[in-house]
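Colleague: any chance you could fold what I've pasted below:
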Amino acid sequence: MARSPICTAGIFIRDKNVLLGLRNYKTKQYKDGDFWTTPGGRCDEGENVKTTLRREVEEEIGVKNFEIKEELGIVAGAKEGDKVYVFLCETKEEPILMEPEKFKEWGWFNLKKIPENFLNKDILKIIVNLKSSMDQNYDKWNIKKKELSNRERVYFQKGEIWLASIGKNIGDEEDGKHSDYERPVLIVRKFNNNIFLGIPLTSNEEKGGKYYHGLISFSGSTLILSQIRLFDAKRLLRFMGKIDNDELKEIKLKMGNIV
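Modeller: Here you go, the predicted structure:
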């Protein structure tokens with residue numbers, strides 16, 4: 001059976017560090033020596049690229065729970081005709097050396113200190129550009145915060161879901177998207193007309209466990225319970241909907257079990 005020309009690569013970023021593995025190639029292969037690379041690999045028959053990436057990540061570093069944030073591009077692979085789909089990923093798990101016959105080690109590297117002997121130079125360029133983009137995003141968010149501080153507050157109630165400008169945050173804190181750094185937020189408790197306790201939502205329905213809650217009355221969305229925080233109403237951009245009171249009570253009970 002012919003090998004698929006479609007490959008995947010996952011760029012895992014955490015606190016401005018990128019996850020890399022030192023791959024050992026022998027003389028009978030197309031390379032000779034040790035080269036740093038990202039998790040990923042070649043598609044098997046019948047797989048789509050995201051399924052392949054999840055399988056390869058688990059096989060190479062033992063990580064099962066991770067989020068595929070976005071596709072960053074498609075670059076040429078190691079062999080002629082190969083195409084590598086590159087994705088931005090996040091995880092709270094630590095890598096394990098699962099294939100010592102292929103890799104010598106896995107580790108987190110500061111984005112400013114990436115090793116020179118990198119296997120795929122096009123993927124390296126994506127990582128470097130990603131670092132530059134992250135720096136620019138913090139600058140843009142600072143400008144956006146000044147704009148938000150001058151906005152009028154809108155009227156809101158508990159149980160409502162609003163698109164909110166939650167910002168460009170630090171480490172594992174949930175970020176907003178697009179030019180307004182926005183993300184849907186459920187208003188769990190209203191303290192007054194100015195501030196409320198809110199929980200960000202994700203459209204990733206693969207999320208599960210005690211720190212997540214798949215909404216029933218707002219289908220297709222999952223609450224990230226661990227990201228509950230205080231918000232000012234000036235962050236609220238647009239009303240999106242409301243959940244029923246019974247589900248709100250269930251969410252509060254679930255929050256009580258994890259705090």
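Colleague: pLDDT score for residue 203?
Modeller: Per-residue pLDDT puts residue 203 at 82.
Colleague: that one: what's it in contact with?
Modeller: 220, 221, 222 (CB atoms under 8 Å, 6 or more residues apart in numbering). To be clear about C-beta, it is placed using only N, CA and C from the backbone, and glycine gets the same treatment.
Colleague: dump the residues you listed into CSV; add distance to residue 87 as well.
Modeller: Below are these laid out as CSV (distance: CB to CB, whole Å):
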residue, distance to residue 87
220, 21
221, 22
222, 20
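Colleague: where in this structure is pLDDT low?
Modeller: 1-2, 27-32, 136, 205-208 (pLDDT under 70).
Colleague: which stretches in it count as strands?
Modeller: Under the criterion DSSP state E, strands of the chain are mapped to 6-14, 17-25, 33-37, 40-42, 67-76, 83-90, 103-110, 160-165, 182-190, 195-202, 212-214, 222-224, 229-232, 236-242.
Colleague: burial of the residue lying closest to residue 91 once chain neighbours are set aside, as a residue count?
Modeller: Taking CB to CB, 6 or more residues apart in numbering, and ignoring the residues beside it in sequence, residue 91 has residue 66 as its nearest neighbour in space, at 3.6 Å. The number of residues packed near residue 66 is 20, by other CB atoms under 10 Å.
Colleague: residue 66 touches residue 88, doesn't it?
Modeller: No. The pair formed by residue 66 and residue 88 falls short of the contact definition of CB atoms under 8 Å, at 10.8 Å.
Colleague: and the strands of the chain as CSV, adding mean neighbour count and distance to residue 131?
Modeller: Shown next, in CSV, are these (neighbours: other CB atoms under 10 Å; distance: least, CB to CB, whole Å):
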stretch, mean neighbour count, distance to residue 131
strand 6-14, 23, 9
strand 17-25, 19, 8
strand 33-37, 17, 16
strand 40-42, 20, 19
strand 67-76, 16, 12
strand 83-90, 20, 12
strand 103-110, 14, 9
strand 160-165, 23, 24
strand 182-190, 22, 23
strand 195-202, 21, 24
strand 212-214, 17, 29
strand 222-224, 21, 25
strand 229-232, 14, 27
strand 236-242, 16, 29
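Colleague: closest to residue 54 out of these?
Modeller: strand 67-76 (7.9 Å; CB to CB).
Colleague: tell me which strands the closest one pairs with, and in which orientation.
Modeller: strand 83-90 (antiparallel) (DSSP bridges).
Colleague: quick one: the strand it pairs with to strand 6-14, angle?
Modeller: 20 degrees (axes from the mean of the first three to the mean of the last three CA atoms, to 10 degrees).
Colleague: can you give me how far strand 83-90 is from the chain middle?
Modeller: Taking CA atoms, centre = their mean, to the nearest Å, the mean C-alpha location of strand 83-90 is offset from the chain mean by 11 Å.
Colleague: what's that strand in contact with?
Modeller: Against strand 83-90 from outside (CB under 8 Å, 6+ apart): 5-14, 40, 49-50, 53, 57, 66-77, 120, 122-123, 126, 130, 172.
Colleague: how far does stretch 210-229 stretch from start to finish?
Modeller: One end of stretch 210-229 to the other measures 17 Å (CA to CA, to the nearest Å).
Colleague: specify which member of the contacts of residue 203 is nearest to residue 24.
Modeller: residue 222 (39.5 Å).
Colleague: verify the stated contact: that closest one with residue 200.
Modeller: No. Using CB under 8 Å, residue 222 is not in contact with residue 200; the gap is 9.9 Å.
Colleague: tell me how the chain divides into domains.
Modeller: Domain assignment for the chain, taken from automatic domain parsing, gives 6-134, 151-258.
Colleague: need those domains in TSV with distance to residue 144, can you?
Modeller: Output for the domains of the chain, formatted as TSV (distance: least, CB to CB, whole Å):
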stretch	distance to residue 144
domain 6-134	15
domain 151-258	6
